[in-house]
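Q: here's my sequence, what's the structure:
(one chain, ligands or ions: 1)
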Amino acid sequence: MAGTIWVLGHVNPDTDAICAALTYAELKRILGITQARAGRVGPLNRETSYVLNKLGVEPPPVVTDVRSRVMDMIRKEVASCRPETTLQTAGRLMREKQVKTLPVVDAGGQLLGIVTIGDLARHLLEELDLEEPAINSNRVQEILSAPISTIMKTSGIVTFQDDDLATYARRVMLETRYRNYPVVNEHDRLMGMVARYDLLALRRKQVILVDHNERAHAVPGIEEAEVLEIIDHHRLGDVQTGEPLYFRSEPVGSTCTIIRNIYQEQGITPAPLTAALLCAGILSDTVIFKSPTCSARDRAAAQELAEIAGLDIESFGRDMFQAGSALAERPAGEILKEDFKVFQLGNLKVGIGQVEALGTGGLEGVKQALTREMESMVEQEGYDLVLMMLTDIIQEGTELLVTGPAGNLVEEAFGREVRNNRVFLPGMMSRKKQMVPLLARIAALH
Ligand SMILES: [Mn+2]
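A: Alright, predicted model coming up:
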């Protein structure tokens, strides 16, 4: 949608990413930025589906990429004519509208051909006998009364589809160098025109990133978009923008905590539903306050929000995590990829998945299937290390599955033996605050 400002969380969205996008887009709209709209970059995980379903909130629409497309540079208000239009009327239209290319469409708006001012002039010069001392006005009238279909060009027309990438259109325009190009939709209906100079006025997609700042975690095509704001609580990655922006990063347990603070700073009390979404994001990311990433501010924010929303934190949180894990019932590939992040640590390509569960004992079959999936990932995608964190909310620790040639780093980092690709790490709850920093330090030594 043109003019939309997309508020987007990271790929493989989790509850914090989705709830932050929904509630921040809502705040922007309350503040008068009506074109702000939440999107999601990928399917909802089970936990988030449960939350949205329970609260009766529509999931945000999927945004597959934010690359610029022909529809972002199209001129929609264009003059066009029908095949039976006379040369005279067509000529007058071109002069009135000051256009040099006129598309010809049928009654249903389908593109049939084009006529340029050059085609028209050439035709007139050919038809009129310029050797005559005085040109017969009946003859002129006759020529001008012919339908445009007699001279329109119908083959070899270069057209674009409205969802063609702008980079593709640029390349074709440089190769063909016409003045104007008709744009059609998938049913060949004329949508408008583009010219080379429209490339200059191309409006990049505008986005606000929440709950991430690294390009690798962002929606595809982010390098072509205009990033207006970033609201995040992760380590700073390779963030680089073409223009100044509002950047807010706080070391709290959840992006939703930061967003609740922004509501407060703006003097706006979130509606009960908004408060429930914010509360869900905080409970999810802080693993109901058990994660070491959880700060006093997260706890206070969640408690206040739960009160506004009329939620019982303990039971709501437990139901959420219960719905989210259901490990025994799900294919290993799905569990692995649901919350999987890739990191470049030193020279190592490291992938780390995480799932929280109420108890991770047993589940022998799931752990074996996960290990096999991870091993094939190492092989096929060139990872040095693929880890899966099975984080147990009840035991407050993580059973870590370890695969890849750099597996010895894990033993070095934690001083515990990895046996049968597994090691239990008591107190390990957070990928962001515990796992990644520790591995990054060890990897830097190699
Ligand atoms: Mn988060």
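
Q: can you give the domain ranges for this protein?
A: 5-66+205-324, 72-201, 329-444 (automatic domain parsing).

Q: now the last one: how far from the chain's centre is it?
A: This means domain 329-444. Taking CA atoms, centre = their mean, to the nearest Å, the mean C-alpha location of domain 329-444 is offset from the chain mean by 27 Å.

Q: can you offset everything so residue one is 23?
A: Renumbered: residue one is now 23, and that last one reads domain 351-466.

Q: so for the ion, which of the domains of the chain sits nearest?
A: Among the domains of the chain, the nearest to the ion by CB to the ion is domain 27-88+227-346 (3.4 Å). In short, each C-beta sits where N, CA and C put it, glycine included.

Q: now do that closest one: distance from first to last residue.
A: This stretch, domain 27-88+227-346, spans 30 Å end to end (CA to CA, to the nearest Å).

Q: sec struct for the residue in the chain sticking out farthest from the centre, please.
A: Distance to the chain centre peaks in the chain at P155, reaching 67.7 Å (criterion: CA atoms, centre = their mean). Three-state secondary structure (criterion: DSSP: H, G, I helix; E, B strand; the rest coil) places P155 in coil.

Q: check what pLDDT it gets.
A: Here the pLDDT value assigned to P155 is 78.

Q: what does M23 give?
A: 47.

Q: from the domains of the chain, which stretch is densest packed?
A: Highest mean neighbour count of those: domain 27-88+227-346, a mean of 20 (counted as mean count of other CB atoms under 10 Å).

Q: re earlier: now render the domains of the chain as CSV, adding distance to the ion.
A: Compiled in CSV, those are given as follows (distance: least, CB to the ion, whole Å):
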stretch, distance to the ion
domain 27-88+227-346, 3
domain 94-223, 30
domain 351-466, 8
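
Q: is it true that Y200 touches V180?
A: Yes - at 6.2 Å, Y200 counts as touching V180 under the criterion of CB atoms under 8 Å.

Q: which helix or strand contains the closest residue to S102 other than its chain neighbours?
A: In space, and not counting its chain neighbours, S102 is closest to P125: 4.6 Å by CB to CB, 6 or more residues apart in numbering. Using DSSP states H and E, P125 sits in strand 123-127.

Q: send over the lengthiest helix in the chain as PDB, restricted to the C-alpha atoms.
A: In the chain, taking DSSP state H as the definition, the longest helix is helix 386-403. The C-alpha coordinates for helix 386-403 follow below in PDB (Å, rounded to 0.1, in the frame of the first residue of the first chain):
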ATOM      1  CA  GLU A 386      14.000 -38.300  23.800                       C
ATOM      2  CA  GLY A 387      12.600 -38.700  20.300                       C
ATOM      3  CA  VAL A 388      12.300 -34.900  19.900                       C
ATOM      4  CA  LYS A 389      15.900 -34.300  21.000                       C
ATOM      5  CA  GLN A 390      17.200 -36.900  18.600                       C
ATOM      6  CA  ALA A 391      15.200 -35.600  15.700                       C
ATOM      7  CA  LEU A 392      16.300 -32.000  16.500                       C
ATOM      8  CA  THR A 393      20.000 -33.100  16.500                       C
ATOM      9  CA  ARG A 394      19.600 -34.800  13.100                       C
ATOM     10  CA  GLU A 395      18.000 -31.600  11.700                       C
ATOM     11  CA  MET A 396      20.800 -29.500  13.100                       C
ATOM     12  CA  GLU A 397      23.500 -31.800  11.700                       C
ATOM     13  CA  SER A 398      22.000 -31.500   8.200                       C
ATOM     14  CA  MET A 399      21.900 -27.700   8.600                       C
ATOM     15  CA  VAL A 400      25.600 -27.700   9.500                       C
ATOM     16  CA  GLU A 401      26.400 -29.700   6.500                       C
ATOM     17  CA  GLN A 402      24.100 -28.000   4.000                       C
ATOM     18  CA  GLU A 403      24.500 -24.300   5.100                       C
END
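
Q: so which elements touch that helix?
A: The contact analysis (3 or more CB pairs under 8 Å, 6 or more residues apart in numbering; DSSP states H and E) places helix 386-403 against helix 354-360, strand 407-414, strand 419-425.

Q: neighbouring strands - and their directions - for the second one?
A: Yep, that's strand 407-414 we're talking about. strand 370-379 (parallel), strand 419-425 (antiparallel) (DSSP bridges).

Q: now for the residue farthest from the centre of the chain: which residues touch it?
A: Going by CB atoms under 8 Å, 6 or more residues apart in numbering, P155 touches no other residue.

Q: hmm, D307 and M342 touching each other?
A: No - the pair M342 / D307 is not scored as a contact, 11.5 Å apart, by CB under 8 Å.

Q: picking up where we left off before, want to try JSON lines for the helices and strands packed on helix 386-403, with mean pLDDT as columns?
A: Output for those, formatted as JSON lines (pLDDT from 0 to 100):
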{"stretch": "helix 354-360", "mean pLDDT": "91"}
{"stretch": "strand 407-414", "mean pLDDT": "95"}
{"stretch": "strand 419-425", "mean pLDDT": "96"}
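
Q: reformat the ones you listed as TSV; add distance to M174.
A: Shown next, in TSV, are those (distance: least, CB to CB, whole Å):
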stretch	distance to M174
helix 354-360	52
strand 407-414	60
strand 419-425	64
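
Q: any idea which element the residue lying closest to L133 once chain neighbours are set aside lies in?
A: Ranked by CB to CB, 6+ apart and with sequence neighbours excluded, the top spatial neighbour of L133 is L212, at 4.7 Å. Assigned by DSSP H and E, L212 falls within strand 212-217.

Q: how about L460?
A: L460 belongs to helix 458-466 when assigned by DSSP H and E.

Q: and for that helix, what are the contacting residues?
A: Under CB under 8 Å, 6+ apart, the answer for helix 458-466 is 257, 365, 367-370, 372, 374, 407, 428, 431-432, 434-436.

Q: just stretch 389-405 next, same as before
A: For stretch 389-405, using CB under 8 Å, 6+ apart, the contacting residues are 353-355, 357-358, 371-373, 406-410, 412, 421, 423, 425-427, 443-444.

Q: any idea which helix or strand comes after the lowest-mean-pLDDT helix or strand in the chain?
A: Lowest on mean pLDDT, DSSP states H and E among the helices and strands of the chain sits helix 218-222, with a mean of 86. Once helix 218-222 ends, the next helix or strand along the chain (criterion: DSSP H and E) is strand 228-232.
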